[in-house]
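Next one to model:
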Amino acid sequence: MSGHGGRRRSQAERDAITVEIGYALFSAAFAAAVLFGAAAGPALLFELPPLAEKLSLRSGLVLAPLVFTVRVVSVLVRFRGGGQPSQPGRTSPDS
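Predicted coordinates for the structure are as follows:
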């Protein structure tokens with residue numbers, strides 16, 4: 001099992017990746033569910049005119065997967081983008 005650059009990943013690196021993927025999926029599902037509830041909730045809870053109900057449901061069905069995808073990608077790209085500082089709370093080794 002080769003990691004990036006041909007070196008093997010340590011167990012801690014594999015665990016960090018697993019946790020980050022889980023966080024990305026969970027937070028994306030939560031954000032998508034909240035957005036779907038906000039967009040389509042009124043159509044599901046109240047009696048709306050047919051056009052408003054249709055637009056509300058469709059907007060929820062279009063926006064929720066979009067938000068899910070954007071959230072997962074943004075979390076994973078941010079994770080891959082850079083390592084964490086060696087000491088919590090410090091931004092550079094000289095501080």
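
Check which helices and strands the longest helix seen in the chain sits against.
Longest among the helix segments of the chain by residue count, using DSSP state H, is helix 11-45. Packed against helix 11-45 by the contact rule (3 or more C-beta pairs under 8 Å, 6 or more residues apart in numbering; DSSP states H and E) you find helix 50-81. For glycine as for every other residue, the C-beta is placed from the backbone atoms N, C-alpha and C.

Buried residues, the helix it packs on. List them.
By neighbour count on 16 or more other C-beta atoms under 10 Å, the buried set for helix 50-81 is 53, 56-57, 59-60, 63-64, 67-68, 71-72, 75-76, 79.

Ok, stretch 20-37 next?
For stretch 20-37, by 16+ other C-beta under 10 Å, it's Ala24, Ala28, Ala31, Ala32, Leu35, Phe36.

pLDDT (mean, whole number) over that stretch?
Taken as a whole, stretch 20-37 has an average pLDDT of 96.

for stretch 73-84, same thing?
On average, the pLDDT along stretch 73-84 is 81.

And the contacts of stretch 18-27?
By C-beta atoms under 8 Å, 6 or more residues apart in numbering, the residues outside stretch 18-27 that reach it are Arg71, Val72, Val75, Leu76, Phe79.

about what we covered before: so which of the buried residues of stretch 20-37 is the closest to Ala12?
Lowest distance from Ala12 to these (C-beta to C-beta) belongs to Ala24, with 18.6 Å.
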